[in-house]
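From the sequence below, what's the structure:
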Amino acid sequence: MSKKSLRVAVCGATGAVGREMLKVLEQRDFPAAEVAPFASSRSAGSTVPFKDAELTVRELKEDSFQGFDLALFSAGGGTSLKFAPLAAKAGCVVVDNSSAWRMDPEVPLVVPEVNPEHLERHKGIIANPNCSTIQMVVALKPIHDEAKIRRIVVSTYQAVSGTGHKAIVELETQVRRLFNGQDVIPDVYPHQIAFNCLPQIDVFLDNGYTKEEMKMVNETRKIMGDDSIRVTATTVRVPVFYSHSESVNIETEEKMTAEECRLLLAKAPGVTVIDYPEKKAYPMAVDAAGEDDVFVGRIREDESVDKGLNLWIVSDNIRKGAALNAVQIAEELLRRDLVRVP
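Numbers count the residues shown, from 1 in each chain. Now for the predicted structure:
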């Protein structure tokens, strides 16, 4: 498909991820003749920046996708459930950032550095994985290919931007109020987030895990294409604005040393290794913010088991964890000539 004909819709364009999608499309010079922003009726008529212009936001309606080839969705699960099938029916391929379609067996769940071949079986809708899952599998897939991962234990330290703009404002407001000796009243989160850590992301399920934790379990297996991998997760919200951090412990079938792991990941696509303990150099959230890669450090062998490794994985949750991954999927669809609904 030529640049002269490709038309792209960005749905949820006024949100944090939608705006970042527009920014990434511009920065990567995505080949499109037209990029059109869509949002709810409340935001219709407002403008969003794109290249050297301000684009007028259109109201997302059932007939909005006529004539469009590709749609990047970041407008919530309910919106995706309603509008993604309508887009596909109109011949527009959807890359959806919500959780609505991720575990549908008919919908590929894709991280381009990990399983781009899954795009070949799409039927009009492709799911973008959860932000915390994306950065983990980018780092772990090369290890799995080399030594076969048997078990993953992950604890996350997730930025408030993963909840949205209101959460960013809440953290900033609470910090200001506390510095001025004022009380804070939680709204977005069930407890104070400023100077605090909340061991709950999303709702609790019957098994005692949160929905976010089970997303990491189920999505990891689907993306890696291996249901035998045992995964357990604890997800924590921390008072950081951007970038998720993860402490990951893995057990492998084949022995891999820490040095072998460093050398392997140094060559892996989308990964940057920063692992110089003697220089106090390791990935941090403030350094990963605004960057595209997944950063890995603190690589060391687990001395409590024979074939175990510990890793510290950090990535910008709005970019690689959402907007960038969606655009990379779109680029891969173009590369494989798959911007079409079978």
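
tell me what the strand or helix carrying residue 235 is packed against?
Under the criterion DSSP states H and E, the helix or strand holding residue 235 is strand 230-237. Counting by 3 or more Cβ pairs under 8 Å, 6 or more residues apart in numbering; DSSP states H and E, the packing neighbours recorded for strand 230-237 are strand 149-158, helix 211-224. (C-beta placed from N, C-alpha, C; glycine too.)

Reformat these into CSV and put mean pLDDT next to each item.
Converted to CSV, the helices and strands packed on strand 230-237 look like this (pLDDT from 0 to 100):
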stretch, mean pLDDT
strand 149-158, 98
helix 211-224, 98
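
Low-confidence stretches in the chain?
Counting by pLDDT under 70, the chain shows low-confidence ranges at 1-4.

So which residues of it form strands?
Assigned by DSSP state E, the chain shows strands spanning 7-11, 34-39, 47-50, 53-56, 58-59, 70-73, 93-96, 125-127, 149-158, 230-237, 244-252, 271-273, 294-301, 308-315.

Need the nearest residue in space to residue 148, chain neighbours excluded.
Residue nearest to residue 148 in three dimensions, not counting chain neighbours: residue 253, with 4.0 Å by Cβ to Cβ, 6 or more residues apart in numbering.

which residues touch the one you found?
Taking Cβ atoms under 8 Å, 6 or more residues apart in numbering as the definition of contact, the neighbours of residue 253 are 147-150, 307.

Can you tell me which of the residues you listed is nearest residue 214?
Nearest to residue 214 among these is residue 149, at 18.6 Å by Cβ to Cβ.

Could you measure from the closest one over to residue 337?
Look at residue 149 and residue 337: by Cβ to Cβ, to the nearest Å, they are 33 Å apart.

Name the residue in those two with the higher neighbour count.
The neighbour comparison of residue 149 against residue 337 (other Cβ atoms under 10 Å) goes to residue 149, with 26 against 8.

Thought residue 142 was touching that one, still the case?
No. Residue 149 sits out of contact with residue 142 when judged by Cβ atoms under 8 Å, with a separation of 10.5 Å.

Tell me how many other residues crowd residue 19.
Neighbouring residues of residue 19 were enumerated by other Cβ under 10 Å; the total is 21.

before we move on, what about residue 45?
The number of residues packed around residue 45, counting by other Cβ under 10 Å, is 11.

what's the spacing between the residue nearest to residue 148 and residue 247?
According to Cβ to Cβ, residue 253 and residue 247 sit 22 Å apart.

Residue 186 too?
For residue 186, the distance to residue 247 equals 26 Å [Cβ to Cβ].
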